[in-house]
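Student: Sequence below, structure please.
(4 chains)
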There are 4 protein chains.
Amino acid sequence: MNKGRLEAFSDGVLAIIITIMVLEMKVPHNPNWEALAPLLPVFLSYVLSFIYIGIYWNNHHHMLHSASKVNGNILWANLHLLFWLSLIPFATGWMGENSFAPAATALYGGILLLCSIAYWVLEQTIIQKNGKDSLLAKAIGQDLKGKLSPLLYLTGIALSFWSPWAANGVY
Amino acid sequence: MNKGRLEAFSDGVLAIIITIMVLEMKVPHNPNWEALAPLLPVFLSYVLSFIYIGIYWNNHHHMLHSASKVNGNILWANLHLLFWLSLIPFATGWMGENSFAPAATALYGGILLLCSIAYWVLEQTIIQKNGKDSLLAKAIGQDLKGKLSPLLYLTGIALSFWSPWAANGVY
Amino acid sequence: MNKGRLEAFSDGVLAIIITIMVLEMKVPHNPNWEALAPLLPVFLSYVLSFIYIGIYWNNHHHMLHSASKVNGNILWANLHLLFWLSLIPFATGWMGENSFAPAATALYGGILLLCSIAYWVLEQTIIQKNGKDSLLAKAIGQDLKGKLSPLLYLTGIALSFWSPWAANGVY
Amino acid sequence: MNKGRLEAFSDGVLAIIITIMVLEMKVPHNPNWEALAPLLPVFLSYVLSFIYIGIYWNNHHHMLHSASKVNGNILWANLHLLFWLSLIPFATGWMGENSFAPAATALYGGILLLCSIAYWVLEQTIIQKNGKDSLLAKAIGQDLKGKLSPLLYLTGIALSFWSPWAANGVY
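Tutor: Numbers count the residues shown, from 1 in each chain, chains lettered A, B, ... in the order given. Below is the predicted model of the structure:
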């Protein structure tokens, strides 16, 4: 099995996820600058999510670059990751429309947490298939970051009930 | 004719199908957790359809991997399959919005049935073109599953008039 | 310049065009079979347009397969074709929502006419760049069809004022 | 690192950006020709933006064609460009819906300005990585155009407060 289609499909899904968030920014009917003001939180949450998907795309790019063999488990672990990533636009839209309300910010953090877990699962599946070669050295470095980020997300979810802005700083 | 573009086009269409279902989950205007409750059936039907499209993408990946030659008939059989798959988001949305009502669940099963028939047609077209080599061995294995699943879908459609939840278990 | 990215970009745009037409089929709020009845013309126009985009994708696939060199003119002729194709979902939606009303059917025919002209322009640009080799033999065959179809579309546009159904038969 | 996925991902995002602008052209409920009249500014702004994205795709194609090495900085500079390009559909929709009102036209120019700056940053990042070889010769030619266009956009933004139509001529 080659990894070309896995990359192409993931690129397609990520490209769509990153751009449908723009559709959440509804075109205002009023042609004044003031009409753009209510869109500011939507815009900010779009920027935040764009950076997140960008980070995932970058990491995904590097991880699959170092993988040489692909099997059915990896295909499914990848789809599992794409599933949680595909919920980011929804959570972004809810958070943006409600100006970073506590519940929405917590949901956003929860989905980011599940994304990072799914990413870690994909990482393990690839290591299992490709052995403990040159990849492993990198993998350990990433593991450190990979173990830290769920903790940060949990902190962010907890914070979001107290202060949504602090939570977004943590994300 | 090479199969690269056939795969790229199918990947593009499947990536879009799998992500536009997320757009069906309308962002609620209320920033409370209760606002998410009515979205539960929409979310469940999204998960179900995501898994279905994932299965089709996986099978499509394997089937085309074992095919070496592509002709006009295969291009059209592939488009035929993509057509029925493209109706899944609509059926998913109808089923999700109406909390798995009988008619919507039956329509969903009907479209899945037509997808599986279209998949079988594509399979036969590829076998016809590529001969009865190493592919055939797999094809027979898949035929068994391929012949079972339409029966299951028919059972599901019948059940959906009696109990939509039982029907979804069958799917 | 290689043609790989030209094909990939065209595939992406065509894949999106073919699937956003599904979004025109709004999910009905009523869970009865009767709720689907008003969607019938939308569904029929979707089928018609799906077949059209499928034909264009097939022909595009063959045409670029026989081209070996690509230049700036071909890139722009290709974008010109994609522009007119991108208007098909709009015309389809208008025709579908108004049950094949005369004006909508004529607009649909007009856009198909412009698509076929843009296709012919792209064909000529590719022939000009790639010389009059093996491609030309096919090109002549396609020219016959290419010259016939604008005439058919013009007939269809004329007919659409008299009988939209006859016009759709011609398309 | 190879540049194949960078190109594929950019193609995907650009293909989506170019086609979601069509969704801004809402299907009118009235089947008369008059129903299309209010869509004229939306259509004109669609044409303008389609040409812009087409120019960016063409230039992006040429720039990456001459690049042989890709690193993390280039990936991020590319995402940065895609971010600003992804705001074009929103600005197009606002401008189209308000018949080229001053504020909307100025915003459109501002986003085009930021796109051209992001493009220039990507250009510099690629030159830095790939050295000052055959690429540089082209780069200087492009620099002239690259330095002119921000000036033109600034002129356009200034003009848009006085006459939106003159501003669009400058764009």
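
Student: Next up, the contacts around residue A:86.
Tutor: Residue A:86 sits next to A:13, A:17, B:18-19, B:22, B:50 when contact means C-beta atoms under 8 Å, 6 or more residues apart in numbering or on different chains. Any C-beta I mention is one placed from the backbone N, CA and C, and that applies to glycine too.

Student: The nearest residue to it once chain neighbours are set aside: what's it in contact with?
Tutor: Of all residues not flanking residue A:86 in the chain, residue B:22 sits nearest, at 5.2 Å (C-beta to C-beta, 6 or more residues apart in numbering or on different chains). The neighbours of residue B:22, taking C-beta under 8 Å, 6+ apart as the test, are A:20, A:86-87, A:89-90, B:46.

Student: burial measure for the nearest residue to residue A:18 once chain neighbours are set aside, as a count.
Tutor: Once flanking residues are discounted, residue A:18 sits nearest to residue A:53: 4.7 Å by C-beta to C-beta, 6+ apart. Here the number of neighbours of residue A:53 (other C-beta atoms under 10 Å in any protein chain shown) works out to 21.

Student: Can you name the next helix or strand after the helix or strand where residue A:53 lies?
Tutor: Assigned by DSSP states H and E, residue A:53 belongs to helix A:40-66. With elements assigned by DSSP H and E, the helix or strand that comes after helix A:40-66 is helix A:72-86.

Student: For residue A:37, report the pLDDT, please.
Tutor: Per-residue confidence for residue A:37 comes out at a pLDDT of 76.

Student: Give me the distance between it and residue D:86.
Tutor: 21 Å (C-beta to C-beta, to the nearest Å).

Student: Check residue A:85 too.
Tutor: When residue A:85 is compared with residue D:86 (using C-beta to C-beta), they lie 17 Å apart.

Student: quick one: pLDDT of residue A:8?
Tutor: pLDDT, read off for residue A:8, is 82.

Student: Let me see the contact set for it.
Tutor: Residues near residue A:8 by C-beta under 8 Å, 6+ apart: B:7-8, B:11, D:8.

Student: switch to 10 Å and redo it
Tutor: Counting by C-beta atoms under 10 Å, 6 or more residues apart in numbering or on different chains, residue A:8 touches B:4, B:7-8, B:10-12, B:15, C:8, D:4-5, D:8-9, D:12.

Student: pLDDT below threshold where in chain A?
Tutor: Regions of chain A meeting the criterion pLDDT under 70 cover residues A:1-2, A:31, A:99-100, A:131-171.

Student: one more time with 50
Tutor: Applying pLDDT under 50 to chain A flags residues A:136-137, A:140.

Student: Isn't residue A:130 up against residue A:124?
Tutor: No: using C-beta atoms under 10 Å, residue A:130 is not in contact with residue A:124, being 11.1 Å away.

Student: can you count the residues close to residue A:120?
Tutor: Neighbours of residue A:120 (other C-beta under 10 Å): 18.

Student: That one and residue A:81 touch, don't they?
Tutor: Yes: assessed by C-beta under 10 Å, residue A:120 is found in contact with residue A:81 at 9.5 Å.

Student: and the gap between residue A:79 and residue B:3?
Tutor: Separation of residue A:79 from residue B:3 (C-beta to C-beta): 22 Å.

Student: Helices of chain A, residue ranges please.
Tutor: Assigned by DSSP state H, the helices in chain A fall at A:4-23, A:40-66, A:72-86, A:88-97, A:102-130, A:134-162, A:164-170.

Student: Out of these, the one nearest residue C:101 is which?
Tutor: Among the helices of chain A, helix A:4-23 comes nearest to residue C:101, with 28.6 Å by C-beta to C-beta.

Student: tilt between the closest one and helix A:72-86?
Tutor: Per axes from the mean of the first three to the mean of the last three C-alpha atoms, to 10 degrees, the angle that helix A:4-23 makes with helix A:72-86 is 10 degrees.

Student: one step back: so which of the helices of chain A is nearest residue C:97?
Tutor: Residue C:97 sits nearest to helix A:4-23 of all the helices of chain A, at 20.7 Å, using C-beta to C-beta.

Student: Which positions in chain A make contact with chain C?
Tutor: Residues of chain A found near chain C (C-beta under 10 Å from any C-beta of the partner chain) are A:8, A:11-12, A:15-16.

Student: Mind doing that once more with 8 Å?
Tutor: Counting by C-beta under 8 Å from any C-beta of the partner chain, chain A comes close to chain C at residue A:12.

Student: how much space between residue A:39 and residue D:87?
Tutor: According to C-beta to C-beta, residue A:39 and residue D:87 sit 11 Å apart.

Student: neighbour-wise, which of the two wins?
Tutor: residue D:87 (21 against 18).

Student: residues in contact with that one?
Tutor: Shown in contact with residue D:87 (C-beta under 8 Å, 6+ apart): A:22, D:111.

Student: Could you pull up phi and psi at it?
Tutor: Backbone dihedrals for residue D:87, given as degrees, to the nearest 10, come out at phi -90, psi -10.

Student: Near chain B, which residues of chain A are found?
Tutor: Counting by C-beta under 8 Å from any C-beta, chain A comes close to chain B at A:1-2, A:5, A:8-9, A:12-13, A:15-17, A:20, A:23-24, A:72, A:75-76, A:79, A:82-83, A:86-87, A:89-90, A:93-94, A:97-98, A:101-104, A:107.

Student: out of those, which are buried?
Tutor: Taking 16 or more other C-beta atoms under 10 Å in any protein chain shown as the criterion, what is buried in the residues of chain A next to chain B is A:5, A:8-9, A:12-13, A:15-17, A:20, A:23-24, A:75-76, A:79, A:82-83, A:86-87, A:89-90, A:93-94, A:97-98, A:101-104, A:107.

Student: what residues are up against the residue nearest to residue A:108 when sequence neighbours are not counted?
Tutor: Spatially, and ignoring its direct neighbours in sequence, residue A:108 is nearest to residue A:91 (4.4 Å; C-beta to C-beta, 6+ apart). Counting by C-beta under 8 Å, 6+ apart, residue A:91 makes contact with A:104, A:107-108, A:111.

Student: Pipe the residues you listed into a markdown table and attach distance to residue C:115 per row.
Tutor: Below are the contacts of residue A:91 laid out as a markdown table (distance: C-beta to C-beta, whole Å):
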| residue | distance to residue C:115 |
| --- | --- |
| A:104 | 44 |
| A:107 | 44 |
| A:108 | 43 |
| A:111 | 41 |
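
Student: how about residue A:12, what does it touch?
Tutor: By C-beta under 8 Å, 6+ apart, the residues touching residue A:12 are B:11-12, B:14-16, C:12, D:12.

Student: just those residues now: which is nearest residue B:115?
Tutor: For these, the nearest to residue B:115 is residue B:14 (11.8 Å; C-beta to C-beta).

Student: thought the closest one was touching residue B:55?
Tutor: No: if you go by C-beta atoms under 8 Å, residue B:14 and residue B:55 don't touch, sitting 11.1 Å apart.

Student: who has more neighbours, the two?
Tutor: More neighbours surround residue B:14 than the other of residue B:14 and residue B:55, with 24 against 12 (other C-beta under 10 Å).

Student: Just give the nearest non-adjacent residue to that one, would you?
Tutor: Closest residue in space to residue B:14, ignoring its immediate chain neighbours: residue B:57 at 5.2 Å, by C-beta to C-beta, 6+ apart.

Student: I figured the one you found hits residue B:13, correct?
Tutor: No: between residue B:57 and residue B:13 there is no contact under C-beta under 8 Å: 10.3 Å.

Student: which ones are touching the residue lying closest to residue A:70 once chain neighbours are set aside?
Tutor: Nearest residue to residue A:70, sequence neighbours excluded (C-beta to C-beta, 6+ apart): residue A:3, at 4.5 Å. Neighbour list for residue A:3: A:64, A:67, A:70 [criterion: C-beta under 8 Å, 6+ apart].

Student: Turn those into CSV, columns for neighbour count.
Tutor: Output for the contacts of residue A:3, formatted as CSV (neighbours: other C-beta atoms under 10 Å in any protein chain shown):
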residue, neighbour count
A:64, 19
A:67, 19
A:70, 22
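
Student: would you turn those into JSON lines with distance to residue B:29?
Tutor: Shown next, in JSON lines, are those (distance: C-beta to C-beta, whole Å):
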{"residue": "A:64", "distance to residue B:29": "39"}
{"residue": "A:67", "distance to residue B:29": "43"}
{"residue": "A:70", "distance to residue B:29": "43"}
